[in-house]
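*Asks:* coords please:
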Amino acid sequence: MPKITIDDIELEVEPGLTVLQACELAGKEIPRFCFHERLSVAGNCRMCLVEMERAPKPIASCAMPVGDGMVIRTDTEMVRKARRGVMEFLLINHPLDCPICDQGGECDLQDQAMGYGYDRSRFAENKRAVDDKYIGPLIKTVMTRCIHCTRCVRFAAEVAGVPELGATGRGENTEIGTYLEKALTSELSGNMIDLCPVGALTSKPYAFSARSWELKKTESIDVMDAVGTNIRVDARGPEVMRILPRNNDDVNEEWLSDKGRFANDGLGRQRLDRPYLRIDGKLAPVDWDRAFEAIAARLNGTAGNKIAAIAGDLADCEAMAALKDLIAGLGSANIDCRQDGAPIGEGARAGYLFNTTIAGIDQADAILIIGSNPRSEAPVLNARIRKRYLDGGVKIGLIGEPADLTYKYEYLGAGTDAVAAIQDGANPFAGILRAAERPMIILGSAAVARADGAAILAAARQIAEDSGAVSSDWNGFNMLHGAAARVGGIELGFLPGDGGLATRAILDGAASGAIEVVYLLGADEIDTDALGDAFVIYQGHHGDAGAHRADVILPGAAYTEKNATYVNTEGRVQRAALAVFPPGDAREDWAIIRALSAVLGKTLAYDSLNDLRAKMETANPIFAAVDEITPAEWGEFGSAGDMSGEEFRSPIENYYMTDPISRASATMSRCVGEILGSEQPKTGTDG
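*Replies:* Alright, predicted model coming up:
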């Protein structure tokens, strides 16, 4: 390994590192604007200049690879003078917008001008002005502030895989934009706001709303998909002002999907802030006592086998655990957390997890995607697959609906015939899987949410076993979920008990009259028309489909308003934290169920969140391993049988509106009109 001396500190570093990275290992702070650890090197801001022994002039440390015997100095008079000169040039055309710029207070240009800049300017000519560019409803542009670091251009091309940004012109006439002004079509475009070191790209929905120092910052978890992206919720008073990503290399690196970032305005719209009771055919606001009394009156004398409960896609683990205990206390085994009816969770634990882990994608050398569109179901995870694709040495195959996934793949077919061909070895891609050292199979949860789902699941298991995807140190079988609550519900056993009914049977029973009472815990993605004349109790936070059908509404808390546990698609237990309090009379979901249990005479055996979590840990030890993954033993799951031959369909037709929060969001509504309403490629395999 090369040895390098930095400010009289000798150290050995990995070959291939840049001088800038070596300086950071030595504890030296090097200013930069264009360099970013997850993007290619551009070397065009020159802020990272350092002095190298025997070099005639300062070098750009971000673009210089380390060499054995290098002697670097980071704080000489030459370096200070060079940095002051660079900063002076950067500020020549930068407008004096700091008092009204949304980047103020968290701006790299401000910080570095203070730390490394010059205290006066020698520029007396007219400043350059650049027209603002339209790039969609999410990102506000003030391009006069742009310093041409090209971070946004490199992110769009390299990470997002949607190269719609670029530079036109030369020298002082260089401008960043889309050339033909149109909305960016990437589901990760908001990350450009975080990357921009100045105020050229800021959040359009957040514009002029708050200053960074006014906000209370709470570390939490995103629930817009099942990736479990680590986020920071910034709130002022009772309102969530913005949501930003937190770095977690094992889950989301430092990226966040646009829905997770910008749908926060939906948290304040169409909210359920008080209990409601259907009186004379119309929902009327009542107090908690009246709502509980109505439920107790209806349940009194109702047989347990006529009661059922369905948990929705955003339900937290504590609420599902409490509801499971309550329904069991009422004598019913009719519970299900799988709104889509997928036959998962009934065999080995490995059959419903992303066993490879998200970080494990980096090691795969062959990937087969079955019945899934990762770009719309899990954009951050899809970016990880693209990262692996760009590293080279991996072949990707897709069975299902063709789509632009941002990377090249071999299209193998649209339906189960292609699955059978891989299973039988008739398709050449089966040989690619068998020849790979670390093959991966990614099965979309929607692919098994059909009548032949159990057979498809069994076929995918056989493909994994036959291709050598399961070994002592590698499990390449993965199920990609779209619902944040799904894995947690299965881990809790929120599934039909002995003789109990699953979701589809519950709906059929409600339609026929066999099921008389249905408890919906935020379940909005079911066919509410199928509930027939059943008495429906809806507990949730938005006035969505379930609330419209309800006979009693119990107002719950959204994910930013409670301390709650979620389990992501890879089985990682994570905790969301309370950032703001629920509106009006709304309460945390587990507390509502606990209070209702007392009224029903089935008092649950816990009075605090800690007691409930202790019970969850006793029932399943994985809940004690927060922020960790408990590996799953391989075993039997699925049920061998005939597959229908039906083509796979993506479960998401509209990425921007998939749950009650995003459907209530005005920002997401604008995205539908301005992004999905524009021309967007839906097919093709060229990436």
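*Asks:* didn't Arg670 look like it was pressed against Ala183?
*Replies:* No: with contact defined as C-beta atoms under 8 Å, Arg670 does not reach Ala183; the gap is 9.6 Å. All C-beta atoms are positioned from the backbone trio N, CA, C, and that covers glycine.
*Asks:* of these two, who's got more company?
*Replies:* Between Arg670 and Ala183, Ala183 has the larger neighbour count (other C-beta atoms under 10 Å), namely 23 against 19.
*Asks:* pretty sure that one is touching Gly136, no?
*Replies:* Yes: using C-beta under 8 Å, Ala183 makes contact with Gly136 at a distance of 3.4 Å.
*Asks:* OK, contacts around Trp255?
*Replies:* Applying C-beta atoms under 8 Å, 6 or more residues apart in numbering, we find Trp255 in contact with Val159, Leu188, Asn191, Thr229, Pro245, Val380, Ala383.
*Asks:* of all the residues you listed, which comes closest to Glu29?
*Replies:* Glu29 lies nearest to Pro245 out of these, by C-beta to C-beta, at 23.0 Å.
*Asks:* Ile231: what's it in contact with?
*Replies:* The contact partners of Ile231, by C-beta under 8 Å, 6+ apart, come to Glu219, Ser220, Ile221, Asp222, Ile243, Leu244, Pro245, Arg246, Leu256, Gly260.
*Asks:* 7 Å instead?
*Replies:* Going by C-beta atoms under 7 Å, 6 or more residues apart in numbering, Ile231 touches Ser220, Ile221, Asp222, Ile243, Leu244, Pro245, Arg246, Leu256, Gly260.
*Asks:* what does Gln103 give?
*Replies:* Gln103 is in contact with Val198, Gly199, Thr202, counting by C-beta under 7 Å, 6+ apart.
*Asks:* sorry, back to before: quick one: common contacting residues for Ala183 and Gly136?
*Replies:* Glu674, Ile675.
*Asks:* about what we covered before: what do Arg670 and Ala183 both touch?
*Replies:* Here Arg670 and Ala183 share the contacting residues Pro137, scored by C-beta under 7 Å, 6+ apart.
*Asks:* is it true that Asn620 touches Glu491?
*Replies:* Yes: assessed by C-beta atoms under 7 Å, Asn620 is found in contact with Glu491 at 5.4 Å.
*Asks:* tell me which of those two has more neighbours.
*Replies:* Neighbour count, other C-beta under 10 Å: between Asn620 and Glu491, Glu491 has more, with 25 against 17.
*Asks:* the more buried one: what's it in contact with?
*Replies:* Contacts of Glu491 were listed using C-beta under 7 Å, 6+ apart, and they are Val567, Asn620, Ile622.
*Asks:* name the nearest residue to the last one, ignoring sequence neighbours.
*Replies:* Take Ile622 and drop its neighbours on the chain: the residue closest to it by C-beta to C-beta, 6 or more residues apart in numbering is Thr630, 4.5 Å away.
*Asks:* what residue ranges in this structure score low on pLDDT?
*Replies:* 678-687 (pLDDT under 70).
*Asks:* mind doing that once more with 80?
*Replies:* Applying pLDDT under 80 to the chain flags residues 677-687.
*Asks:* what about the nearest residue to Arg338 once chain neighbours are set aside, how many residues nearby?
*Replies:* Leaving out its chain neighbours, the residue that sits closest to Arg338 by C-beta to C-beta, 6+ apart is Thr503, at 5.8 Å. Neighbours of Thr503 under the rule other C-beta under 10 Å: 23.
*Asks:* just Asp473 next, same as before
*Replies:* By other C-beta under 10 Å, 5 other residues sit near Asp473.
*Asks:* again with Gln112
*Replies:* Gln112 has 19 neighbouring residues, counting by other C-beta under 10 Å.
*Asks:* same deal with the one 3 residues further on?
*Replies:* With neighbours defined by other C-beta under 10 Å, the count for Gly115 comes to 11.
*Asks:* just to be sure, it is in a helix?
*Replies:* Yes: remark: Gly115 belongs to a helix, assigned using DSSP: H, G, I helix; E, B strand; the rest coil.
*Asks:* any idea how far the nearest residue in space to it that is not next to it in sequence lies from Asp97?
*Replies:* Once flanking residues are discounted, Gly115 sits nearest to Pro31: 7.0 Å by C-beta to C-beta, 6+ apart. Note on Pro31: its distance to Asp97, by C-beta to C-beta, to the nearest Å, is 21 Å.
*Asks:* more neighbours: those two, which one.
*Replies:* Neighbour tally, Pro31 and Asp97, criterion other C-beta under 10 Å: the higher count belongs to Pro31, 20 against 15.
*Asks:* quick check: phi and psi on the more buried one?
*Replies:* Main-chain torsions, Pro31, degrees, to the nearest 10: phi -70, psi 150.
*Asks:* contacts only, for it.
*Replies:* Contacts for Pro31 (C-beta under 7 Å, 6+ apart) come out as Met47, Cys48, Arg83, Gln112, Gly115, Tyr116.
*Asks:* quick check, nearest of those to Glu10?
*Replies:* Comparing the contacts of Pro31 against Glu10 with C-beta to C-beta places Cys48 closest, at 21.4 Å.
*Asks:* what's around that closest one, how many residues?
*Replies:* 26.
*Asks:* was I right about it contacting Ile59?
*Replies:* No: applying C-beta under 7 Å as the test, Cys48 and Ile59 come out as separate, 9.0 Å apart.
*Asks:* quick check: neighbours shared by these two?
*Replies:* Common contact partners of Cys48 and Ile59 (C-beta under 7 Å, 6+ apart): none.
*Asks:* hmm, Tyr179 is touching Thr168, no?
*Replies:* Yes: using C-beta under 7 Å, Tyr179 is in contact with Thr168, at 6.4 Å.
*Asks:* re earlier: who wins on neighbours among the contacts of Trp255?
*Replies:* In terms of neighbours by other C-beta under 10 Å, the contacts of Trp255 top out with Thr229 at 30 neighbours.
*Asks:* got phi/psi on that residue?
*Replies:* Thr229 adopts backbone torsions of phi -60, psi 130, taken as degrees, to the nearest 10.
*Asks:* run a quick check on it versus Pro245, I expect a contact.
*Replies:* Yes: Thr229 is within contact range of Pro245, at 6.4 Å (criterion: C-beta under 7 Å).
*Asks:* can you check which residues contact both of the two?
*Replies:* Shared contacts of Thr229 and Pro245, defined by C-beta under 7 Å, 6+ apart, are found at Asn252, Leu256.
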